[in-house]
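1. Got a predicted model here, sequence first, then my questions.
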Amino acid sequence: MKKIFSLFTVLLVLVACQQKDTIAADLIVTNAKVAVMDSARTITEAIAVKDGKVLSVGTSQEILAYANDSTTVIDAKGKTVIPGLNDSHLHLTRGGRFFNAEVRWDGVKTLKRALEMLKEQAARTPEGQWVRVIGGWSPFQFEEKRLFTMEELNEATGDVPTYVLFLYSQGYLNQAGLNLLGIDENTEAPKGSRFEKGPDGKLTGVLIAEPNPTILYARIGSLPPLTQEEMENGTKQFYRELNSFGITSGIDAGGGGHKFPKDYTGTKALADAGEMPIRLSYYLFPQNKGAEYEEFTEWMATNEVGHNGEIHLDHGYELEGGGEFLAWSAGDFENFLAPQPMLNRDRPTWREDLKRIVRLHVDNGWPFRIHATYGETIANMLDVFEEVNQETNGKLASKRWLFDHAETVQEKDLERIKALNGGIAIQARMAYAGEYFVERYGAEKAKQAPPVKKMIEMGLPVGAGTDGTRVASYNPWPALYWLVTGKTVGDFQLAEEANQLSREEALHLYTQGSAWVSNEETVKGTLENGMYADFAMLSDDYFTVPEQQIKSLKSVLTIVDGKVVYAGGEYEAMNPSLPEVIPNWSPVKYFGGYQSK
């Protein structure tokens, strides 16, 4: 027997082994608070794992009966164990692709420190590279409760080109960046966006999406790429970072400026090598505006939904369908700093474009998901979906499909979604942009944005996530804090009490709820016998800590497929090896990822 962590555990093993001779577990965790998250909301104290699946849960004495000399036994010392977290909308492959190049402001507590990080990174950034902060933060998380000024940005970064992205609302180029890209007062901005000018007519360096974020995508796309080796390394670093928060699964929603398959090579290399530390499902997001139908047609001819590219891990790298965008003309852009876009007014071809692509998905048996922020957008899209469902004799309603986001969806349209057997994936975007939503739409509307409690009460399938890494941080715990308290990362109260979830309800959305999104609810999301052995031991008890401490939780032990993929604190000796961060100037090498202190 390996890794017995206490004399008490040894004694229990001896007693248990005398009680019955049974199948031997590969891994056992004892003396825990195990939240099984089954329908009975069972809480027990131990779990046994065999061949990557849950063998049994029960008391420590009961579970230790499955131990033999080859079993690894871990004493949890009272810590809470939960099913592994599953982010139903996270840009994993893109996040890994860029991770080693980015300064992460996620969790930074003061603007002073954020600017210091830029200055430190500028000093080590080599010629030909940029300092970049690509989302995941809110000015309200800072003690100063404000954005930086362009003078502060230029002072911190000097002559090193720098780009800072804030949500999909604004971007900031320092003067060196403007100069290098050749952007001046005569440069034409993409339609639906602009370059801000000061009273003197000179560019300030602020890029504004009104509401079209193409101007922001374009600047990200112009930044120097990392090498293939650096992207593979960054993907390993990023997935380890996710594991450290207890994430064992993630559903990739594609993303702008991220084309399949050429931009997925970092993750594919891990999958090909059988080294995925996370179960990853992905949807395909078209990049060519006006040619989306042709892109999907090509993908459908050469790719099979359900294909798993990670032969050593079930659902390890699996194609799920199309989305989150299907047709660019039907995108409604979640920019709360700009007026709401209206499909019928702003893009007259959206209906024809969307219907053609949805019909293509239904005819080919492909699931789909679609980005929709506003209730008006959802109502219009449902008209199209109902038409397709009627024309195909109910085939759309027989496939898995869902809306992403749905901040202002109306109850009557929730009924329509349910009638078509659809679902919803909600994300913590309001936790990072809620103050701006209130400024534009009012506090009353924010109380039910999105109406998650109503979705649950109606029996709709709902998965939870972050929409990291650009609109929000990839850290799931501020998202769970938002679901439970209704507050932003700056502790501004948004949701009314009637729209706040219990801790069990929020965790359900982040586990079995999210598993529905990728059609895996029968194999993961709970710790019942026979389910995947994906779970996390937490730094503190999620169910009882003061609410403020929820957003500071981490994992101290994360298990995927019955194997340790992350270990910290007193279990750090079990942490799998990880290659050194490259390149040498990478911000991750010096700052790490999420700033928890």
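-> Cool, the structure landed. It should be emphasised that the depicted structure is a prediction, and the values quoted were computed from it without experimental measurement. Numbering: from 1, shown residues only.

2. Below-threshold pLDDT in the stretch 351-500 of the chain: ranges please.
-> By pLDDT under 70, the stretch 351-500 of the chain contains no weakly predicted segment.

3. per-residue confidence at A16?
-> Per-residue pLDDT puts A16 at 49.

4. for L7, same thing?
-> pLDDT recorded at L7 is 47.

5. Show the end-to-end separation of stretch 460-479, please.
-> Using Cα to Cα, to the nearest Å, the end-to-end distance of stretch 460-479 comes out at 20 Å.

6. gap between that stretch and the chain center?
-> 5 Å (Cα atoms, centre = their mean, to the nearest Å).

7. please begin residue numbering at 400 from this point
-> Shifting the count to begin at 400 puts that one at stretch 859-878.

8. tell me which residues of it are tucked away?
-> Neighbour counts over stretch 859-878 (16 or more other Cβ atoms under 10 Å) mark 859-878 as buried. Backbone N, C-alpha and C define where each C-beta goes, glycine included.

9. got the contact list for stretch 964-972?
-> 473, 639, 642-643, 647, 676-677, 936, 938, 953-958, 973-975 (Cβ atoms under 8 Å, 6 or more residues apart in numbering).

10. ok, and for the helix or strand containing K853, which residues are buried?
-> K853 belongs to helix 851-856 when assigned by DSSP states H and E. Neighbour counts over helix 851-856 (16+ other Cβ under 10 Å) mark 851-852, 854-855 as buried.

11. And stretch 506-521, by the same measure?
-> Buried residues in stretch 506-521, counted by 16+ other Cβ under 10 Å: 506-507, 510, 513-514, 516-517, 519-521.

12. for the most centrally placed residue in the chain, helix, strand, or coil?
-> Residue closest to the mean C-alpha point of the chain, counted by Cα atoms, centre = their mean, is L489 at 2.7 Å. Secondary structure, DSSP: H, G, I helix; E, B strand; the rest coil: L489 is coil.

13. Go ahead and confirm it touches Y873.
-> Yes. With contact defined as Cβ atoms under 8 Å, L489 reaches Y873; the gap is 6.1 Å.

14. Mutual contacts of these two, please.
-> Joint contacts of L489 and Y873 (Cβ under 8 Å, 6+ apart) are 865, 867.

15. So which residues of the stretch 850-996 of the chain form strands?
-> Remark: strands assigned in the stretch 850-996 of the chain by DSSP state E, counting those that start in this stretch are 861-864, 934-937, 954-959, 962-966.

16. right, and the ones you listed - which one's nearest L426?
-> Closest to L426 of these, according to Cβ to Cβ: strand 954-959, at 7.3 Å.

17. who touches the closest one?
-> 426, 448, 473, 478, 483, 642-647, 676-678, 712, 932-938, 963-970, 973.

18. Buried only: go through those residues for me.
-> Buried among these (16+ other Cβ under 10 Å): 426, 448, 473, 478, 483, 642-647, 676-678, 712, 932-938, 963-967, 970.

19. outside of whichever strand or helix holds F497, which residues touch it?
-> Assigned by DSSP H and E, F497 falls within helix 491-497. The contact list for helix 491-497 (Cβ under 8 Å, 6+ apart) reads 533, 625, 630, 633-638, 641, 649, 651, 654, 656-657, 662-663, 665-666, 677, 679, 681, 867-868, 873.

20. count of neighbours near Y840?
-> 16 (other Cβ atoms under 10 Å).

21. let me redo that: G457
-> When neighbours are defined as other Cβ under 10 Å, G457 has 17 of them.

22. wouldn't it be in contact with A445 here?
-> Yes. If you go by Cβ under 8 Å, G457 and A445 touch, sitting 6.1 Å apart.

23. Any chance of the backbone angles for N779?
-> Torsion angles at N779 (phi, psi; degrees, to the nearest 10) stand at phi -70, psi -40.

24. Please name the nearest non-neighbouring residue to it.
-> L742 (5.4 Å; Cβ to Cβ, 6 or more residues apart in numbering).

25. again with I710
-> Spatial nearest neighbour of I710, excluding adjacent residues (Cβ to Cβ, 6+ apart): G673 at 6.6 Å.

26. cool, and K601?
-> Among residues not flanking K601 along the chain, E584 sits closest, at 6.7 Å (Cβ to Cβ, 6+ apart).

27. what number of residues lie near that neighbour?
-> Counted with other Cβ under 10 Å, E584 comes out at 9.

28. S469 versus that one, what's the distance?
-> Applying Cβ to Cβ, to the nearest Å, the value for E584 to S469 is 71 Å.

29. Now do the same contact list for the nearest residue to G862 once chain neighbours are set aside.
-> In this structure, G862 finds its nearest non-sequential neighbour in S487, 3.3 Å apart by Cβ to Cβ, 6+ apart. By Cβ under 8 Å, 6+ apart, the contact set of S487 is 650, 824, 862-864, 912-913, 916-917.

30. same thing with K950?
-> Neighbours of K950 in contact, by Cβ under 8 Å, 6+ apart: 874, 876-877, 879-880, 888.

31. about what we covered before: okay, among the contacts of S487, which ones form the most distant pair?
-> A863 and S917 (13.3 Å).

32. circling back to that earlier point, what about burial for the contacts of helix 491-497, which qualify?
-> The neighbour-count test (16+ other Cβ under 10 Å) applied to these identifies 533, 625, 630, 633-638, 641, 649, 651, 654, 657, 662-663, 665-666, 677, 679, 681, 867-868, 873 as buried.

33. follow-up on the earlier one: let's have the buried residues of stretch 506-521 in TSV, adding pLDDT, secondary structure and distance to G604.
-> Listed next are these as TSV, based on pLDDT from 0 to 100; DSSP: H, G, I helix; E, B strand; the rest coil; distance: Cβ to Cβ, whole Å:
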residue	pLDDT	secondary structure	distance to G604
G506	97	coil	25
V507	98	coil	21
L510	98	helix	17
A513	98	helix	17
L514	98	helix	15
M516	98	helix	19
L517	98	helix	14
E519	98	helix	21
Q520	98	helix	18
A521	98	helix	15
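
34. now, which of those residues sits nearest G992?
-> Nearest to G992 among the buried residues of stretch 506-521: G506, at 8.8 Å, using Cβ to Cβ.

35. dump the residue contacts of the closest one.
-> 540, 872, 874, 993-995.

36. if you set the cut-off to 10 Å instead, what comes out?
-> For G506, the contacting residues are 535-536, 540, 872, 874, 876-877, 888, 950-951, 992-996, by Cβ atoms under 10 Å, 6 or more residues apart in numbering.

37. cool, V916 as well?
-> By Cβ under 10 Å, 6+ apart, the contact list for V916 reads 485-488, 648, 650, 652, 680, 682, 719, 766, 768, 799, 801, 803, 822-824, 860-864.

38. Quick one: residues in contact with stretch 576-584.
-> Residues outside stretch 576-584 that contact it (Cβ under 10 Å, 6+ apart): 529-531, 552-553, 556, 558-563, 570, 572-573, 586, 588, 594, 596, 600-604, 606, 617-618, 621-622.

39. For PyMOL, what selects the buried ones among the residues you listed?
-> In PyMOL, a selection of the buried entries from those looks like this (16+ other Cβ under 10 Å):
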select buried, resi 529+530+531+552+553+556+559+560+561+562+563+570+572+573+588+594+602+603+604+606+617+618+622
